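Engineer: Here is the input, now give the coordinates:
(one chain, ligands or ions: 2)
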Amino acid sequence: MLERILVRYGELNLKGKNIRSFLDRANHLIREKLEGLDVRLEFRHDRAYVFLNGVDPNAVLERLQRVSGLYSFSLITKCPLDLEVIASEAVAMIAEKTRQSPVTFKVETKRADKTYPLTSQEITHILAGKILSQAPYLKVDVHDPELTLNVEIRQEGAYLFIGQIRGMGGYPVGIGGKALLMLSGGIDSPVAGYLAMKQGVEIEAIHFESTPLTSIESAQKAVDLVEVLARFAPHNRMKIHFVPFAKLHGAILGNIPESYHVTIMRRMMYRIAAEVMRKNDCLAIVNGESIGQVASQTLESMNVINHVADVVVIRPLATYDKLDTMRIARSIGTLDISNRPFEDCCTVYLPKNPVIRPNIGTAEQYETAFAFQPLIEEAVAGTRSAYLRTDTHLDLTGKGLTVAECFE
Ligand code: ATP
Ligand code: MG
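Structural biologist: Numbers count the residues shown, from 1 in each chain. Ligands and ions are numbered 1, 2, ... in the order given. The predicted structure follows:
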């Protein structure tokens, strides 16, 4: 009988004195993510058990795989202490995994009950023999088996599992403080946010929206992305800050030489993000910049842009290949949303020849063309914030309202 799921924590060896808070946080998240399911939890020092009580294991796994800090899971079957029964159960488990194709296997036995009359080695030996006689398509390979059957002998019965299912890994979200994610509608920034959460950092999102220069569907992408990212957040909930950026955007288009449009626009974004970050007790900015991907992401550009904000900026994708980023985007469910065709403020009216090696002095000189500080203050003051949950399904479109009005 499939009885429970074994949960292993990640990186325990690295946590030193912080191990207690790591475990407390991870266990809190497990409890919270499994809320509403009729399962029972048991926490041991280096593992946790989820007793299924008949609940579908896939429903439990789907939730556990959204808890950062959990390394792997195994589905554990309990059966009576009878080697014949254990062998039959093992054959059934192997058959389910392999659909009876020929595979190599080995048995690994742990004997927690030292009064049991056979040694671990003897149990392994006898079980392997019985399994082979029931399933002749299997072969033993003790060095490099395709499947390992783990058997644990305890007083109350035998526990069996095959293999491990990968978890998110990393650290439990929230243990690393809170950061502000610059979330565009693109592919990269949601992945950057996911990676930061996986590393234990709680995220709030900031989105610069330029309606009516951009469409409201572009702001909707940010909403939908946050609702997906919230699946990995505590209580399936994430805060988003919408910054009205159109005035600044228009001022840049009207006053700045075209090749510096993106550079200056991004300097304005950094100034505002730094402000919103401090106001919301965030300790860093996270964004989706990746070295060399576009003109505004050369190291020279990053220097000129980052120069305006004296804050820690985390760029989880700095060294990522786009294909790897897309693979993650697909697996976390953001890729299809990001691929919707609507332009955001960084892609609409894109200059033909953006500067690749901008210069700080030149950028500062160009910025004297208009009084940007009042516009920045206005944008910060006009920022609208909301908590979104995975099941909020907020729809900004088709109402004839502006983004700000949707949050009044
Ligand atoms: P993405 O796929 O995340 O849009 P990108 O490669 O298209 O990234 P840019 O558009 O140059 O790159 O933006 C770089 C980063 O700046 C983004 O990853 C995001 O973190 C931030 N950013 C860009 N536009 C916005 C926006 N409208 N609102 C919030 N953040 C933004
Ligand atoms: Mg973009």
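
Engineer: for the record, mean pLDDT for stretch 237-253?
Structural biologist: Mean per-residue pLDDT for stretch 237-253: 96.

Engineer: In that stretch, which residues have enough neighbours to count as buried?
Structural biologist: Residues of stretch 237-253 classed as buried under the neighbour-count rule (16 or more other Cβ atoms under 10 Å) are 237-246, 248-249, 251-252. Every residue, glycine included, has its C-beta placed from N, CA and C.

Engineer: On the three-state scheme, the closest residue to ligand 2 within the stretch 51-200 of the chain is what?
Structural biologist: At 3.3 Å from ligand 2, G186 is the closest residue in the stretch 51-200 of the chain, using Cβ to the ion. Classification of G186 by DSSP: H, G, I helix; E, B strand; the rest coil places it in coil.

Engineer: okay, now it: neighbour count?
Structural biologist: Using other Cβ atoms under 10 Å, G186 is surrounded by 19 other residues.

Engineer: returning to what we had before: farthest-separated two in the buried residues of stretch 237-253?
Structural biologist: The most widely separated members of the buried residues of stretch 237-253, counting by Cβ to Cβ, are R237 and A251 (34.9 Å).

Engineer: Kindly report which residue of this structure is located farthest from the centre.
Structural biologist: In the chain, counting by Cα atoms, centre = their mean, P117 sits farthest out from the average C-alpha position, at 47.3 Å.

Engineer: domains for this protein, by residue range?
Structural biologist: Residue ranges of the domains in the chain are recorded as 2-166, 178-406, according to automatic domain parsing.

Engineer: could you redo those as TSV and give each row distance to P172?
Structural biologist: Shown next, in TSV, are the domains of the chain (distance: least, Cβ to Cβ, whole Å):
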stretch	distance to P172
domain 2-166	4
domain 178-406	6
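
Engineer: Please identify the deepest-packed of those.
Structural biologist: Of the domains of the chain, the one with the most neighbours on average (mean count of other Cβ atoms under 10 Å) is domain 178-406, at a mean of 19.

Engineer: Now do the end-to-end distance for that domain.
Structural biologist: For domain 178-406, the separation between the terminal residues is 26 Å (Cα to Cα, to the nearest Å).

Engineer: Ligand 2 contacts on the stretch 101-250 of the chain?
Structural biologist: By Cβ under 5 Å from the ion, the residues of the stretch 101-250 of the chain that approach ligand 2 are 184, 186.

Engineer: Would you mind listing what in the stretch 101-250 of the chain touches ligand 1?
Structural biologist: Within the stretch 101-250 of the chain, the positions lying close to ligand 1 (Cβ under 6 Å from any ligand atom) are 182-184, 186-189, 206-208.

Engineer: Where do the strands of the stretch 151-300 of the chain begin and end?
Structural biologist: Shown for the stretch 151-300 of the chain, the strands assigned by DSSP state E, counting those that start in this stretch span residues 157-162, 165-166, 178-182, 202-209, 237-244, 285-286.

Engineer: and if you look at the stretch 1-150 of the chain?
Structural biologist: For the stretch 1-150 of the chain, the strands defined by DSSP E, counting those that start in this stretch cover 2-9, 40-43, 47-51, 70-79, 104-111, 139-140, 147-154.

Engineer: how about those strands, which one is nearest V262?
Structural biologist: Checking these against V262 by Cβ to Cβ gives strand 70-79 as the closest, at 39.7 Å.

Engineer: Hmm, the residue of the stretch 51-200 of the chain closest to ligand 2 is touching E289, no?
Structural biologist: No. Judged on Cβ atoms under 8 Å, G186 makes no contact with E289 at a distance of 10.9 Å.

Engineer: closest to A309 among the buried residues of stretch 237-253?
Structural biologist: V243 (14.4 Å).

Engineer: Please name the bridge partners of that closest one.
Structural biologist: Residues in a beta bridge with V243, per DSSP bridges, are F208.

Engineer: which ones are touching it?
Structural biologist: Residues near V243 by Cβ atoms under 8 Å, 6 or more residues apart in numbering: 206-209, 272, 276, 379-380, 382-383.

Engineer: can you check K247 too?
Structural biologist: Going by Cβ under 8 Å, 6+ apart, K247 touches 375, 378-379.

Engineer: Format those as TSV; extra columns: secondary structure, pLDDT and distance to ligand 2.
Structural biologist: Below are the contacts of K247 laid out as TSV (DSSP: H, G, I helix; E, B strand; the rest coil; pLDDT from 0 to 100; distance: Cβ to the ion, whole Å):
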residue	secondary structure	pLDDT	distance to ligand 2
L375	helix	97	22
E378	helix	97	24
A379	helix	97	19
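
Engineer: so can I have CSV of those residues showing distance to E152?
Structural biologist: Shown next, in CSV, are the contacts of K247 (distance: Cβ to Cβ, whole Å):
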residue, distance to E152
L375, 65
E378, 64
A379, 60
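
Engineer: Looking at the residues you listed, spot the one nearest ligand 1.
Structural biologist: Nearest to ligand 1, judged by Cβ to the nearest ligand atom, of the contacts of K247 is A379 at 11.9 Å.

Engineer: Spatially nearest residue to the closest residue to ligand 1 within the chain (excluding sequence neighbours)?
Structural biologist: Closest to ligand 1 within the chain is G186: 2.0 Å, counting by Cβ to the nearest ligand atom. If the residues on either side of it in the chain are set aside, G186 comes closest to S338, at 5.7 Å by Cβ to Cβ, 6 or more residues apart in numbering.

Engineer: mind listing what that neighbour touches?
Structural biologist: 185-187, 190, 221, 225, 329.

Engineer: re earlier: the residue farthest from the centre of the chain and E156, how far apart?
Structural biologist: Here P117 is placed at a distance of 16 Å from E156 (Cβ to Cβ, to the nearest Å).

Engineer: Might you list the low-confidence residue ranges for the stretch 151-300 of the chain?
Structural biologist: Regions of the stretch 151-300 of the chain meeting the criterion pLDDT under 70 are absent.

Engineer: In CSV: the contacts of V243, plus distance to D324.
Structural biologist: Output for the contacts of V243, formatted as CSV (distance: Cβ to Cβ, whole Å):
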residue, distance to D324
I206, 25
H207, 24
F208, 26
E209, 28
I272, 30
V276, 29
A379, 34
V380, 35
G382, 37
T383, 33
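
Engineer: Nearest residue to the most centrally placed residue in the chain in space, please, no chain neighbours.
Structural biologist: Centroid-nearest residue in the chain, with Cα atoms, centre = their mean: Y194, separated by 3.4 Å. Nearest residue to Y194, sequence neighbours excluded (Cβ to Cβ, 6+ apart): I332, at 5.2 Å.
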